[in-house]
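Q: structure, please.
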Amino acid sequence: AIVSASAGCGAAMKEYDYLLANEPGYGDKAKQVAELTKDIHELLVEYDFEAPKKTLDVTVTYQDPCHLLNAQRITEAPRAILNAIPGLKLVALGEPAMCCGSAGTYSITQREMSAQLGKRKARNVVATGADIVATGNPGCAMQLDFALNQIADEDSTERTTKVRYVVDLLDEAYALE
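A: Numbers count the residues shown, from 1 in each chain. Next up is the predicted model:
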């Protein structure tokens, strides 16, 4: 397998066969890359990863990256990983299918709308009371981090929610062993 820990990159790689179909010398290679590409969450669940044994006492909400939710149709695997961590309490996020506003270059080309979406997502995150918002895409992680800082500043409050990757939480739980 070719394993991607970035939802956006993995989604693009899974479409290489389509994107490069008419490129001389690349069609077959692109098809092979597309077929071999797996998202890290998808791969771990497919290979029946071993659940950690030690308790990680933390409340987490999960933010579905659009490139996992809509492009790759992977929704349950990240949640299965989080639910396998003893002590981790997974709480639902309001408006879970709403984009965080990162969307690749969208945050650059449509800065105002991107910021509005980011703040809306961040307010939904804060409303959960979770210590951590977990995600599976670097663009989402940066957008959430920025938006959580923005709303804390706007509300004159202290930011308490951290942004983490699902696989980093899994690794942290394994490290306790």
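
Q: surely Cys140 and Ser102 touch.
A: Yes. If you go by CB atoms under 8 Å, Cys140 and Ser102 touch, sitting 5.3 Å apart. (C-beta placed from N, C-alpha, C; glycine too.)

Q: so who does the most centrally placed residue in the chain touch?
A: For the chain, Gly136 is the residue whose C-alpha lies nearest the centre (CA atoms, centre = their mean; 2.1 Å). Applying CB atoms under 8 Å, 6 or more residues apart in numbering, we find Gly136 in contact with 5-7, 39-41, 65, 68, 78, 165-167.

Q: state the distance from it to Leu36.
A: The gap separating Gly136 from Leu36 is 19 Å, by CB to CB, to the nearest Å.

Q: what segments of this protein are helices?
A: 7-13, 16-19, 27-36, 40-46, 66, 76-83, 106-109, 111-128, 138-154, 166-175 (DSSP state H).

Q: redo the ones you listed as JSON lines? Include distance to Val60 and mean pLDDT.
A: Listed next are the helices of the chain as JSON lines, based on distance: least, CB to CB, whole Å; pLDDT from 0 to 100:
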{"stretch": "helix 7-13", "distance to Val60": "17", "mean pLDDT": "95"}
{"stretch": "helix 16-19", "distance to Val60": "33", "mean pLDDT": "93"}
{"stretch": "helix 27-36", "distance to Val60": "30", "mean pLDDT": "94"}
{"stretch": "helix 40-46", "distance to Val60": "14", "mean pLDDT": "98"}
{"stretch": "helix 66", "distance to Val60": "20", "mean pLDDT": "93"}
{"stretch": "helix 76-83", "distance to Val60": "6", "mean pLDDT": "98"}
{"stretch": "helix 106-109", "distance to Val60": "24", "mean pLDDT": "80"}
{"stretch": "helix 111-128", "distance to Val60": "9", "mean pLDDT": "94"}
{"stretch": "helix 138-154", "distance to Val60": "13", "mean pLDDT": "96"}
{"stretch": "helix 166-175", "distance to Val60": "7", "mean pLDDT": "98"}
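
Q: just these: most buried one?
A: helix 66 (a mean of 24; mean count of other CB atoms under 10 Å).
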